[in-house]
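Peer 1: Here is my input; please provide its structure:
(one chain, ligands or ions: 1)
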Amino acid sequence: MDAPAPAEIHAAYGPAELARLRALGLATNKEIRRFKVAVNTACPLRCDYCFIDKDSGETISWEHVAGLVRFLLSSPGHVKKLLLYGGEPFLNFALVREIALYARAEALKAGKDLDLSICTSAALPLRTEWLEFLRDQRFFLSVSMDGDAATHDAHRHDKGGVGSHARMIPNLPPIFESIGRRRAMAIQCVHPGNVEKMLDNFKTLAGYGFENIEIEVIHGFGWKDKKHLFRPMMQRVLDWVWEEARAGRRRFVVCSLVPLMLKDGVVREDWCPFHSSMETYPDGSFSFYPFAFVDWDGRRRSKVGDASGGIPPRFQDCSFDLGSDKCRNCTTDYYKNPSVNEGNDPYRWRTEMARAFMDKVAMVARTDPTMKEYLKEALIRCRIS
Ligand code: SF4
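Peer 2: Predicted structure coming up:
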């Protein structure tokens, strides 16, 4: 595939801004659709599968925010998504507010269609004014919640080992009221210790009121002995979602919506890490997902440039071509850490199965009015992915 000509690539910003970004190494010929930003490291929780150093006291600098927002918005592609993570971003809500307003203003200048999203553990009371701001800015909101209290509290707990499930529950009705069920989602973490309960936990989250649930495969846990269970359990989830849809109830596995959103971009999403896997730590370092979640100490090894120094030469001029060895081996060469590779197969199966599910929906929707309604609703929701 030919790389877009430089003039087309950066049409969004004027020549002076483009020159400035180029000089900083913050202009790329590759489409960046999603950019995940860990705004801070602080968090009230100490979940077993989070490797971020919650006591390091890091918060992203404004220089880095400005750099990464412009990096994202100057890349090719019209629809962009900025995802705010932590730590717990609600602990720095003033910064979240500033980032959101700045990114919205920059997107307007750049002529890009920007989605904003925030992820929370919901383990602290979410204030009404925070949620109202997010509603007004049309945020998507994700809650990391694994399912029932026993499943959730087994790995999501505070410093004293007390699970966070009971603290989260009061936050859910205000989230649904302000953000709305279409724009809220649960992130259900699945790992070898709870894979057998995948369907039960999915149903529990639906019972709490979530209509959008992402199955997140946890990397860095030993999957070897439980891997064989993943596909049958994922199929049970999809079968249940199908039956619910047939009964007119709205349940969506979020990654199944990706092809509806991306259409031609699915191949890039799968192969080019710039497309959907870019993330930034609070120190401004860029890396590819899921490094921060499995190897916080390996930040230097996983670094792909930063928000003040730009991206390294290795990635500056490559352009996506699935026929090239460079692109085909790109992430294989990058993910050297075996912990990061743990979970790769379940992650891939999850994505393939969820997409196949949506293909089936689309096929049946041609003749079935109920599934046609489900598909219509999925098309409205696909920007959440
Ligand atoms: S080498 Fe990697 S980063 Fe560069 S275009 Fe190919 S897949 Fe994308």
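Peer 1: List the residues that contact Gln316.
Peer 2: Counting by C-beta atoms under 8 Å, 6 or more residues apart in numbering, Gln316 touches 25, 28, 310. Where you see a C-beta, it was placed from the backbone N, CA and C, and this is true even at glycine.
Peer 1: Nearest to the ligand, out of those residues: which one, please.
Peer 2: Among the contacts of Gln316, Thr28 lies closest to the ligand (C-beta to the nearest ligand atom), at 9.0 Å.
Peer 1: ok, that closest one touching Ile311?
Peer 2: Yes: here Thr28 reaches Ile311: they are 6.5 Å apart, a contact under C-beta atoms under 8 Å.
Peer 1: Wait, Gly193 touches Phe221, no?
Peer 2: Yes: when contacts are counted by C-beta under 8 Å, Gly193 is listed as touching Phe221 (7.3 Å).
Peer 1: Filter the contacts of Gln316 down to just the ones in helices.
Peer 2: Secondary structure assignment by DSSP state H places none of the contacts of Gln316 in helices.
Peer 1: ranking these by neighbours, who comes first?
Peer 2: Using other C-beta atoms under 10 Å as the neighbour test, these are led by Thr28, with 25 neighbours.
Peer 1: Tell me which residues touch that one, please.
Peer 2: 71, 74-75, 274, 311, 315-316.
Peer 1: Next, count neighbours for the residue in the stretch 151-300 of the chain that the ligand sits nearest to.
Peer 2: The minimum distance from the stretch 151-300 of the chain to the ligand, using C-beta to the nearest ligand atom, falls at Cys272 (3.4 Å). The number of residues packed near Cys272 is 22, by other C-beta under 10 Å.
Peer 1: Model confidence score at it, please.
Peer 2: The model reports Cys272 with a pLDDT of 92.
Peer 1: Give the closest residue to it in space, chain neighbours not counted.
Peer 2: Phe320 (4.8 Å; C-beta to C-beta, 6 or more residues apart in numbering).
Peer 1: Distance check, that neighbour against Lys303.
Peer 2: Distance from Phe320 to Lys303, counting by C-beta to C-beta, to the nearest Å: 21 Å.
Peer 1: More neighbours: those two, which one.
Peer 2: Legend: neighbour count by other C-beta under 10 Å for Phe320 and Lys303, higher for Phe320 (20 against 17).
Peer 1: Would you state the strands of the protein in chain order?
Peer 2: Assigned strands in the chain, in chain order: 34-38, 79-85, 113-120, 139-144, 184-190, 212-217, 252-253, 278-280, 286-288 (criterion: DSSP state E).
Peer 1: Let's have the ones you listed in a markdown table, adding mean neighbour count and mean pLDDT.
Peer 2: Formatted as a markdown table, these follow (neighbours: other C-beta atoms under 10 Å; pLDDT from 0 to 100):
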| stretch | mean neighbour count | mean pLDDT |
| --- | --- | --- |
| strand 34-38 | 23 | 95 |
| strand 79-85 | 21 | 96 |
| strand 113-120 | 20 | 98 |
| strand 139-144 | 23 | 98 |
| strand 184-190 | 25 | 97 |
| strand 212-217 | 24 | 96 |
| strand 252-253 | 24 | 98 |
| strand 278-280 | 26 | 92 |
| strand 286-288 | 23 | 89 |
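Peer 1: would you turn the ones you listed into CSV with distance to the ligand?
Peer 2: Below are those laid out as CSV (distance: least, C-beta to the nearest ligand atom, whole Å):
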stretch, distance to the ligand
strand 34-38, 14
strand 79-85, 17
strand 113-120, 22
strand 139-144, 26
strand 184-190, 26
strand 212-217, 21
strand 252-253, 26
strand 278-280, 10
strand 286-288, 9
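Peer 1: mind giving me TSV with those strands and columns for distance to Thr370?
Peer 2: Supplementary listing: these in TSV, determined by distance: least, C-beta to C-beta, whole Å:
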stretch	distance to Thr370
strand 34-38	32
strand 79-85	29
strand 113-120	28
strand 139-144	26
strand 184-190	23
strand 212-217	19
strand 252-253	15
strand 278-280	38
strand 286-288	40
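Peer 1: Can you tell me which of those is nearest to His155?
Peer 2: Nearest of the strands of the chain to His155, taken as C-beta to C-beta: strand 184-190 at 7.6 Å.
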